[in-house]
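[1] quick one, what's the 3D model for this:
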Amino acid sequence: MRSRRTIIILLTAWIVALFVAGGVWRAFHPAKPEPQQNQDRLVASRQEGYYACLILPARSPVRLDAHARKRFLARKLPQDDQSAALNGCEEALRR
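    Model prediction:
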């Protein structure tokens, strides 16, 4: 039977080795940044589409034609979610 001191030293060495291995693993596999929440992006896109269409003139072809609205939003808001922006735009036009 090993002495108690030897067992404690081995367990301590094992814990230190696991801690160092975790540090090495983390160094070679850094954490990825959290992506933007999809819900936040959709709300922001809808809001941008709403305000983009809210300022359109009354007799604008964009107000009258759905295809023109899609092209307008694609040109005006290229980085936003187009379907959410279109929903926001149509909501603004119903006012």
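
[2] how many residues are close by residue 84?
    When neighbours are counted by other Cβ atoms under 10 Å, residue 84 registers 21. Every C-beta, even on glycine, is put in place using the N, C-alpha and C of the backbone.

[3] show me what contacts it?
    Going by Cβ atoms under 8 Å, 6 or more residues apart in numbering, residue 84 touches 41, 42, 43, 45, 46, 49.

[4] may I see the buried residues of the host helix or strand of it?
    Using DSSP states H and E, residue 84 maps to helix 82-93. For helix 82-93, burial by neighbour count (16 or more other Cβ atoms under 10 Å) applies to 84, 85, 86, 87, 88, 89, 92.

[5] just to revisit the earlier point, in ChimeraX, select just the buried ones from the contacts of residue 84.
    Entered in ChimeraX, the line below selects the buried ones among the contacts of residue 84, by 16+ other Cβ under 10 Å:
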select :42,45,46,49
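
[6] now for the chain, the helix or strand with the poorest mean pLDDT.
    The least trusted helix or strand in the chain, going by mean pLDDT, DSSP states H and E, turns out to be helix 61-64, with a mean of 83.

[7] quick one: buried residues of the longest helix along the chain?
    Here the longest helix in the chain is taken by residue count, with DSSP state H as the criterion, and it is helix 4-28. Across helix 4-28, burial judged by 16+ other Cβ under 10 Å covers no residue at all.

[8] tell me the helix or strand right after that helix.
    Per DSSP H and E, the helix or strand that comes after helix 4-28 is helix 38-54.

[9] all good on my end, thank you.
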